[in-house]
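# With the sequence up front, the predicted model follows.
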Amino acid sequence: MQLHNDVDALATRHDLIASASATLHASGESTSVTLAAIDRMNHGLGTDVELIPAWTSVTLAERGAGVASAPRIVVAPPTGIAINAVARLMRTIDKVGAGSASEADLAKALADAKKMRPANIWPFLLACATGSASLAVIFGAQDATAVGLAAGSAVLGGVARRALARLHVGPIGQVFTAAVIAGLIGGLAVHADLSSALRLIAVCPAMILVPGPHILNATLDLLNLRIPLGFARLGYAGLLLLSIGTGLAIGLAAFGTGLPPTPPGREVALGLDVLAAAIAAASYPVYFAMPLRLIWWPIVIGAVAHGLRWFVMNVWGWNIAVGALVACLFVGFALAPVARTKHMPFAGIGFAAVVSLVPGVYIFRTIDALGVLTFGGSASPSFGALTDGVTAVFIIMAMAAGLAIPMRFYELVRQRRTT
């Protein structure tokens, strides 16, 4: 009888660990941090299990030859970013590992984490407006009308996304619809002679949809040789980007316009550039449900990083990819320890700090130009599409490396300390 009770208790602990790891995996936590959390739960709960993460699920299996139970498979596609849920759960997992929290405490934290929801509609829509408007300023908007239209377009896109979420439409459909709205409003602005060649009224509301955290988590998985999961994350991010770019191109095409392949750039003053970057960094944590008391971290670090990028490009004369690399290295080394101590997914807080560096405009111009070629456009867009595409790839690679290298460095340091 006692043996039967012990087996039941162990099975309950295994179920609890499987559910907790699935919540972390689905809420944006990196795979390495999730695996480390499993080790702490093993230590605190007296279990000996390992986690096998995949794209659609996580599998929890007992170690050793004489396993007593079948593996637990929990469906958990890592398509969301919920910093509040991760923070709530990870605080208790740390206590469990230290022996200061019980199995019941972990079960309660898990239940609380599952109940947490995205930001309320009004803060979310405000963040959509400020995020899009600040990006418009960073990329060279010169009048209040353009900034206001970019903000309003993002708000309408945010309303559409929340409405579609209530109808159980997935993320790909949500971002596609929001991008179509951005393209329609941008095309209407061009038709009314309210938009410059930069097309910021169309581009900036679409840029707030870019799946940066998924690209970063994919890079971390690839650096740790989790090849299938890393490429699955990249594939998902690529589908989102393709949906955004296609929706934007369709909306613009409805008014007979598109994105010029090589529009003239505009220089933005350092003070205005840094201020706008700080506002953008304050907006993105709302999308990721970050606790308000922690938002100042990406704001301060993001503003400094953007100023550093401005200095590298305008004073030292380095190119945009090198500027992004330097800025992201600074952000990575500054925020990776913060993410760990504050129990936040590094992909969420790190991307919030560098969102203003994302080359969404190059990606969207590439997709738009390729669409023109598909329907028999002139040869000129092909060179512009190639140039923009290569530029976007180099910037994304620089950003991913700049954020991932510090994270990997701290992981290696922790591993050396534990051994």
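That came through fine.
# quick one: terminal-to-terminal distance for stretch 219-238?
13 Å (C-alpha to C-alpha, to the nearest Å).
# chain center to that stretch: distance?
Distance of stretch 219-238 from the chain centroid (C-alpha atoms, centre = their mean, to the nearest Å) equals 14 Å.
# Near residue 169, how many other residues are there?
15 (other C-beta atoms under 10 Å). Any C-beta I mention is one placed from the backbone N, CA and C, and that applies to glycine too.
# and it, backbone torsions?
Dihedral angles of residue 169 (phi, psi; degrees, to the nearest 10) stand at phi -80, psi 140.
# Now do the same contact list for it.
Contact analysis of residue 169 by C-beta atoms under 8 Å, 6 or more residues apart in numbering lists residue 177.
# the helices in the stretch 101-250 of the chain, which residues?
103-115, 121-138, 144-166, 171-191, 200-207, 212-223, 227-253 (DSSP state H, counting those that start in this stretch).
# Ok, which of those comes nearest residue 31?
Taking C-beta to C-beta, helix 212-223 is the member of those nearest to residue 31, at 5.5 Å.
# what is the mean pLDDT for the closest one?
For helix 212-223, the mean per-residue pLDDT is 87.
# by how many degrees do it and helix 227-253 diverge?
Using axes from the mean of the first three to the mean of the last three C-alpha atoms, to 10 degrees, the direction of helix 212-223 lies 150 degrees away from that of helix 227-253.
# picking that back up, and among the helices of the stretch 101-250 of the chain, the most buried is which?
Across those, averaging neighbours per residue (mean count of other C-beta atoms under 10 Å) puts helix 200-207 on top, at a mean of 31.
# any idea of the mean pLDDT in that helix?
Helix 200-207 comes out at a mean pLDDT of 89.
# Give me the contacts around that helix.
Everything outside helix 200-207 that qualifies as a contact, by C-beta under 8 Å, 6+ apart, is 128, 132-133, 135-136, 139-141, 146, 149-150, 153-154, 157, 178-179, 181-183, 185-187, 189, 194-195, 244-245, 247-248, 251-252, 259, 358, 360-361, 364.
# Now do residue 415 against residue 32, distance only.
Distance of residue 415 to residue 32, given as C-beta to C-beta, to the nearest Å: 10 Å.
# These two: which has the busier surroundings?
Regarding residue 415 and residue 32, a neighbour count based on other C-beta under 10 Å identifies residue 32 as having more, with 20 against 11.
# That one and residue 219 touch, don't they?
No: in this structure, residue 32 is not within contact of residue 219 by C-beta atoms under 8 Å, at 11.9 Å.
# Return the set of buried residues in the host helix or strand of residue 397.
Using DSSP states H and E, residue 397 sits in helix 380-418. Buried positions in helix 380-418, judged by neighbour count with 16 or more other C-beta atoms under 10 Å: 381, 384-385, 387-389, 391-392, 394-396, 398-408, 410-411.
# now for that helix, which elements pack on it?
helix 212-223, helix 320-341, helix 346-354, helix 360-374 (3 or more C-beta pairs under 8 Å, 6 or more residues apart in numbering; DSSP states H and E).
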